[in-house]
Each structure stands twice: as C-alpha cells, then as structure tokens.
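Colleague: quick one: sequence and predicted model below, then my questions.
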Amino acid sequence: MSLPDCLTSPHLTTILTTTSYIPGLLGLLASLNTTFSSSLPPPLVCHVTSDSLVPIITSAIANDPYLSAHPPNLHFVAIFPLLNSLHPQLPPHHFSPDPTTTTFLDAARRLLFLLPVPIVYVDLDVLVLSTAITDLLALATAPNNGIWYTPPTTTLPKSPPPTTTYTVHACGNWRNKKRSFNSPPDNFNSGVMVLPLPTSPTTTPFLPLYHACIERLEDSMWNDTEEKLLNVILPDWTVLDLRYNLQKRAFHHNPALWNTLVKEGETVILHYVGGKPWNSVEELEKCDWEADVVGKYRDLFALWVKARNGEVIPRVPFASVTSTTSEDDQMAVKAMQERISEANAKADGGGKQDGSPPVAAVKIDEGANKYVLVSARDPSMTRRCFFVRSDVGAEYHKDAADPLVSELLEKGYGDVNVTGGGRILLDTAQKVVTVYGHSYGFGRADHETSADLIIAQGWYEGFEVTWHNEGY
C-alpha cells in the first residue's frame, strides 16, 4: 500500500479512537468551515483506529444541518492497515486494535511517528478560530525549504542518524496551582503540536521516536499519560504563541491573564482541555476536578455550541474578573497598616545596620499574579526606596505584601508604606512583563513606577515591559 494522496500534501492531523469524540470532530470541522468561509480550509486528515468509525462519522455529517450543507475538507485514513503495509518488518501486534495486546489507546499519537510526513496535530476538543492556523503548516516545512513530502527511494536509510534531534513546537500546559502556563523545561500541552521532519532524508524520519514510545510502553512500571510520554521522548520543545493553544482552564483560574491574551492577539485555537462542552455535568466535574464547571465556563461552552452550529465566532469572550477581596481581607489589610504605623512611630531614625544583605527591590513570579508596590526609607533613613513583589500564591494583595513588610521592618527600614497594588504578568517564554490592575485593599499602585523599577534591575533585558491601569 502506498501513501494516500491526502498525506502527501500539507494537512492538519488528528486521531479518533472512540465514538465519544465524534461531537468534538464535528465541532472542529464546523469551525474550520466558518473560519475559512471565503476559501477552502486546510485538509483535516482523521486517522481512525477502527474502520467501523468511518460510517458512523459519515452518517453524523450527513445528518448534520450545517455540515451536510457545507461539506468539510475531511479525509479518513485507517491507520493500522496503512502502517502494517508500510512497515511489514515491525511486529503486527504493535498495530493491533486489541487493547489486551497493546496500550495504543493510551498513546495513539505514537502511530504518527511511522509516517514519512511532518506532523501538525490538533486534538478533537479544539475550535479553529483564525486562518492563521496555516502558519503551523508553514512552520512544519520551514526546515526543509517548504517541502512537505518526498517519495522514498531504495537508496534512503530507514531511520535518521542516532545523533538526530527533534524539536516539537507547542504551548505550555496550563497549571491550576501556578495559575499560569508552563515554559521549558516543564511539560508542553500535546493537544496542538508541530513536528517538522529532520533535515536528513530517510524513509521513516521519526522511527527513533516510535521505538522510544514502544520501549516506554512495554515497561511494566510505566503507568503515566500519553502526554507525559510525548514529553519524555520530546524534551526539547519550542514555545508557540499561546494564541495557538488557548486552554480553557485559564478562563476561570486566571481571568486577568486570559483577558490579556485575548486582548493582545487573535485567538487561533481554543482548546477545551478537561471537561468537554458535549460532556454530561457528572463527566465535566470529574474531568475538571471542581464543582460548577458549567457555570464557570458557561460562555466558552456557549461559544462551542455556536461554532458547532456553523456560526462565525468574531472573538473569544473575555472572562469576568470579580473582586476576591472579602470583609476578612479588608480587616487584615487594616491590621497590617496599623502594624506598619506602630513600627514607623517607634523608628528612631537610626535603623538596624547589622551587615545583612539589602532587601531586593524586585521579586516577581511567573504568570499573572497579584503584586504590591511598597516604599520605605533605608536603615540609614537617608534614602527612600521602592520595592515590587508579586506572588504566585497570593490570594489577596496583603498576602503579597506581608512577607516584604516583615522583612523591611526586621532589617530596620523605616517609614514603610504599601502604596498600592495590582497584577503583574510575567511570561518568560514570550519575554513579556505587563503591570496593570488595582487592589481593593491598598488602592492602585503607580504602575509606571513599578515598570521602571523592573526595567532598572536589568534582569529582564530584552523583555517588553509595559503598564496600564485597566483590569483588576
């Protein structure tokens, strides 16, 4: 069996292993059609692990009011027969759909490593909202001067040299605990990824990656996810702009960051990680590990329904940013200010000069986090200093201020004053620092002063450091 024509030219790739993701496939196809309303969308090649899935999908499309009237640019490939034909030297059980003989259902994307073409992979729980997705197809062929596929010859080796390195282009995984996206060397999200061919021509350019997957999957101690497996075998990843994989959970867990990302650029791919719009309430709460998933992501689920029905999506909705400041927090802020006032009143002007290192002017954490701007006189009481602190663990602004205030008072600084607060977005992968927002407890900080202080430290040379007064 030769390579199907649909694989020999640029295309998006996905894999369907079960009927439970057919709603996602239909939503993806509808979003491609409406996004490319004035031109043909890029082909989507759907690799199926069972021939029985094809008539089910075909029937679903034929009975769909929108897709039946707007046929998608969709191609099916039965992946097991194709791979058995292309690689008769490999044990057939590696391609068996019998889950008792292989764990392929937990690592379906490893099968793509046996194809001689670049990989531009999208999960079935995404919507394509911009024609800029074609940028990913161009990225996949960039190392080989725009060439997607070269028919193999008998003179080519089967596998690249052992020294071949692979670089996958992807976005960092969203992490609820950090309320931010990963950057290297932490894990990438494998729901959208681009893997160009190595520059050395071979008949099976990704064969080492396939064998690395098999070795790990056949280890009886391996019990992790497919995404973790891909991160293990592809540790060197290059960061894609987050608009190519804007992950759902940021909408609720860091609305300020979400709004910054939506405001600053056109969203290309919206990714419904965790619970899916077509899931039941019980499934949603199980997948997202939180209650009221429907309420938290209502606007995003409504957007998916509109896209699924063939409506054009002009932009991704902004998240609702509400105050997290409670009455207890206001009381805590008042208590902190009283403590500062008492300490300032007791200061005798001499201050402590015990030889300890000075307090760092700037400490900011990765992600979009609450921050405070604090002023104080140094221990000699001759110079006023400013300090910026953002803290990934700060639920309230006083949580960001308290450790700094304590350190300043302990080291003999006087006339301490929390001048205000807001948020700081630090994205080291994109080399961006944005200072914005306000604090209900302390008021809005002078963000220009904070931005100037960050620039002056020299730690973020080459970063775009900006500020504005919008948001919370």
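Modeller: Received, thanks.
Colleague: quick check: residue 186 vs residue 36, distance?
Modeller: Remark: distance between residue 186 and residue 36 (Cβ to Cβ, to the nearest Å) = 34 Å. In short, each C-beta sits where N, CA and C put it, glycine included.
Colleague: show me which of these two is the more surrounded one.
Modeller: residue 36 (17 against 14; other Cβ atoms under 10 Å).
Colleague: buried residues in the helix or strand of the chain with the lowest mean pLDDT, which are they?
Modeller: For the chain, counting by mean pLDDT, DSSP states H and E, helix 327-346 ranks last in confidence among helices and strands (a mean of 77). Taking 16 or more other Cβ atoms under 10 Å as the neighbour-count basis, helix 327-346 is seen to contain the buried residues 329, 332, 333, 336, 337, 340, 343, 344.
Colleague: so which elements touch the helix or strand harbouring residue 388?
Modeller: Secondary structure assignment for residue 388, by DSSP states H and E: strand 384-390. In this structure, strand 384-390 packs against strand 362-363, strand 367-377, helix 397-410, strand 414-427, helix 447-457, with contacts taken as 3 or more Cβ pairs under 8 Å, 6 or more residues apart in numbering; DSSP states H and E.
Colleague: quick one on the thing from earlier: can you put the buried residues of helix 327-346 in a markdown table and add distance to residue 8?
Modeller: Compiled in a markdown table, those are given as follows (distance: Cβ to Cβ, whole Å):
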| residue | distance to residue 8 |
| --- | --- |
| 329 | 61 |
| 332 | 64 |
| 333 | 64 |
| 336 | 66 |
| 337 | 69 |
| 340 | 69 |
| 343 | 73 |
| 344 | 74 |
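Colleague: related to what we said a few turns ago, the strand holding residue 388 relative to helix 397-410, how many degrees between them?
Modeller: Between the axes of strand 384-390 and helix 397-410, defined by axes from the mean of the first three to the mean of the last three Cα atoms, to 10 degrees, the angle is 140 degrees.
Colleague: direction included, what does strand 384-390 pair against?
Modeller: Strand pairing for strand 384-390, using DSSP bridges, gives strand 362-363 (parallel), strand 367-377 (antiparallel).
Colleague: which stretch in those has the least confidence?
Modeller: Taking the average pLDDT of each of the strands paired with strand 384-390, the minimum falls on strand 367-377, with a mean of 91.
Colleague: quick one: that strand to strand 414-427, angle?
Modeller: Relative orientation of strand 367-377 and strand 414-427, computed by the same axes, to 10 degrees: 160 degrees.
Colleague: okay, buried residues for strand 367-377 please.
Modeller: For strand 367-377, burial by neighbour count (16+ other Cβ under 10 Å) applies to 367, 368, 369, 370, 371, 372, 373, 374, 375, 376, 377.
Colleague: how about residues contacting the least confident helix or strand of the chain?
Modeller: Contacts to helix 327-346, defined as Cβ atoms under 8 Å, 6 or more residues apart in numbering, come from residues 396-398, 401-402, 405, 409, 414-418, 440-442.
Colleague: now, among these, which is nearest to residue 143?
Modeller: residue 397 (46.8 Å; Cβ to Cβ).
Colleague: number of nearby residues for that closest one?
Modeller: In terms of burial, residue 397 registers 30 neighbours under the definition other Cβ under 10 Å.
Colleague: also residue 280?
Modeller: Applying other Cβ under 10 Å, we find 10 residues neighbouring residue 280.
Colleague: pLDDT score for it?
Modeller: For residue 280, the model assigns a pLDDT of 90.
Colleague: how is this structure carved up into domains?
Modeller: Split into domains by automatic domain parsing, the chain comes to 5-308, 327-467.
Colleague: ok, which of the strands paired with strand 384-390 comes nearest residue 176?
Modeller: That would be strand 367-377 among the strands paired with strand 384-390, by Cβ to Cβ, at 11.2 Å.
Colleague: what's the angle between the least confident helix or strand of the chain and strand 367-377?
Modeller: Orientation of helix 327-346 against strand 367-377 (the same axes, to 10 degrees) gives an angle of 30 degrees.
Colleague: mean pLDDT lowest where, among the domains of the chain?
Modeller: Confidence, taken as mean pLDDT, is least for domain 327-467 of these (a mean of 86).
Colleague: for residue 385, what are its contacts?
Modeller: Residues in contact with residue 385, defined by Cβ under 8 Å, 6+ apart, are 359, 361, 375, 376, 377, 378, 413.
Colleague: and if we set it to 7 Å?
Modeller: Under the criterion of Cβ atoms under 7 Å, 6 or more residues apart in numbering, the contact partners of residue 385 comprise 361, 375, 376, 378.
Colleague: export these to TSV and tack on distance to residue 288?
Modeller: Formatted as TSV, the entries for the contacts of residue 385 read as follows, by distance: Cβ to Cβ, whole Å:
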residue	distance to residue 288
361	39
375	42
376	43
378	48
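Colleague: tell me which of those is nearest to residue 48?
Modeller: residue 361 (57.8 Å).
Colleague: quick check: phi and psi on residue 205?
Modeller: Comment: the main-chain dihedrals of residue 205 come out as phi -60, psi -30, following degrees, to the nearest 10.
Colleague: now do the contacts for the nearest residue to it once chain neighbours are set aside.
Modeller: Closest residue to residue 205 in three dimensions, ignoring its sequence neighbours and counting by Cβ to Cβ, 6 or more residues apart in numbering: residue 197, at 4.9 Å. Shown here is residue 197, whose contacts under the criterion Cβ under 7 Å, 6+ apart are 118, 143, 144, 205.
Colleague: now residue 197: phi and psi?
Modeller: The phi and psi values for residue 197, taken as degrees, to the nearest 10, are phi -70, psi 150.
Colleague: ok, so what distance separates it from residue 373?
Modeller: Separation of residue 197 from residue 373 (Cβ to Cβ): 50 Å.
Colleague: residue 309 now?
Modeller: 48 Å.
Colleague: residue 367 and residue 178, how far apart?
Modeller: The gap separating residue 367 from residue 178 is 6 Å, by Cβ to Cβ.
Colleague: overlap in contacts of these two?
Modeller: residue 392.
Colleague: rewinding a little: which stretch among the domains of the chain comes nearest residue 316?
Modeller: When the domains of the chain are compared for distance to residue 316 using Cβ to Cβ, the nearest one is domain 5-308, at 4.5 Å.
Colleague: now the closest one: how far from the chain's centre is it?
Modeller: In terms of Cα atoms, centre = their mean, to the nearest Å, the centre of domain 5-308 is found 14 Å from the chain centre.
Colleague: just the strands in the stretch 51-200 of the chain please.
Modeller: Ranges of strands within the stretch 51-200 of the chain are 74-78, 119-122, 126-128, 168-172, 174-175, 180-181, 188-195, based on DSSP state E, counting those that start in this stretch.
Colleague: beyond the longest one, next helix or strand please.
Modeller: So the one you mean is strand 188-195. Trace forward from strand 188-195 with DSSP H and E and the next one is helix 207-217.
Colleague: out of the strands paired with strand 384-390, the one nearest residue 88 is which?
Modeller: Once Cβ to Cβ is applied to those, the stretch that comes out nearest is strand 367-377, at 49.5 Å.
Colleague: tell me the angle of that closest one relative to helix 447-457?
Modeller: Using the same axes, to 10 degrees, strand 367-377 lies at 90 degrees relative to helix 447-457.
Colleague: buried set for the helix or strand harbouring residue 31?
Modeller: Per DSSP H and E: residue 31 is located in helix 22-35. Of the residues in helix 22-35, 22-35 count as buried by neighbour count, 16+ other Cβ under 10 Å.
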